[in-house]
Each structure stands twice: as C-alpha cells, then as structure tokens.
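Have a look at this prediction, sequence included:
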Amino acid sequence: MLVKEILDQGGDVIAHVYDTTAVDKTTFPTPAEFPLQFSVGVNAEGRVFMPHVHLPIERAIVGTSEFIYVFAGRMDVKFLDCDGKILDNASLEPGMGMIQIRGGHALSTIEGTRFFEIKQGPYSGVTADKAPVEPY
C-alpha cells in the first residue's frame, strides 16, 4: 500500500504516498508516531462495528499534517522540505492519497480532479497557517 516515502536531507519523513486500492483487509498504514493517522476499511457486508465514544484526550501537536485523497482525475504533487526546496514528486490517481507530516507541497490538478483534504484544526486561514515559497 505504501508507494513512496519522502525524506528530507536529514532522513526525517516529510510525506508518504499510498495506493488504497492495493488493500485487501482493514489496515492503519501510518506509523503510530505520525501526528495524523488514517485507516482503510475493508469489511464484509453486514459487519456491525462496536458502538463507542472517543475519550477527551489532550494532545500536543506541533505543525500541521495534511492528508489528501484523490477519488477522480489526477493530482501531481511536488514535495517540499521545510525550506521550500523540492525533494520528490508523485502523481496521485483515483484511490491514492498522501499524508504530509512536515515540510510542504505544490499541487497541480489534472483532468477535473476531485479530492478531499483533511488537516488538523482549528485552521487559522492561509496567511496564518501557510508560508508561500518562491517558484522553483
């Protein structure tokens, strides 16, 4: 399921790219130490999930992680280190997603792309949460 791991020059993880279509059982592909996790559920018809509530656990998180999942079209991603330098790139097809742990990215949509994006909140807006980088 893990297609690509993007590392910075120091060996720290910047991002992961995943192909969710390559999964045949429910899995959490993200490492436990990531500040944002996701799962891919693969279940037989009629499965009943245990009813539950989420506990009010306080967490301290530095930075903003982001998950992008493409469900139609295509998105090209350039992965940037914390200084805005390009480290790697990937093309996300339907059923693929990426999780950005640190650093940043440049995104380009192709073919009328539809995707969803999840990031930690509260979101303070473009000027408070993002630092633009010069074109590469």
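Good, I have the coordinates.

so is the spatially most central residue of the chain in a helix, a strand, or just coil?
Central residue of the chain (C-alpha atoms, centre = their mean): Ile99, 1.9 Å from the mean position. Remark: Ile99 carries the secondary structure label strand [criterion: DSSP: H, G, I helix; E, B strand; the rest coil].

could you list every residue that touches the residue of the chain positioned farthest from its centre?
For the chain, the residue at maximal distance from the C-alpha centroid (C-alpha atoms, centre = their mean) is Gly46, at 29.4 Å. Applying C-beta atoms under 8 Å, 6 or more residues apart in numbering, one finds that Gly46 lies in contact with no residue. No exception for glycine: its C-beta is placed from N, CA and C like everyone else's.

Wait, the residue nearest to the centre of the chain touches Phe67, no?
Yes. Under the contact definition of C-beta atoms under 8 Å, Ile99 touches Phe67, with a separation of 4.9 Å.

which residues are common contacts for these two?
The overlap between the contact sets of Ile99 and Phe67 (C-beta under 8 Å, 6+ apart) consists of Leu36, Phe38.

Who is Phe79 paired with across the strands?
Taking DSSP bridges, one obtains Asp88, His105 as the residues bridged to Phe79.

Tell me the confidence at it?
Predicted confidence (pLDDT) for Phe79: 97.

if I look at it, how far off is Gly103?
7 Å (C-beta to C-beta, to the nearest Å).

which intervals of this structure have sub-threshold pLDDT?
Across the chain, residues meeting the criterion (pLDDT under 70) sit at 135-136.

mind listing what the closest residue to Thr109 other than its chain neighbours touches?
Beyond its immediate neighbours in the sequence, the residue positioned closest to Thr109 (C-beta to C-beta, 6 or more residues apart in numbering) is Met75, lying 5.3 Å away. Each residue near Met75 by C-beta under 8 Å, 6+ apart is listed here: Ile68, Ser91, Leu92, Leu107, Ser108, Thr109, Ile110, Thr113, Phe115.
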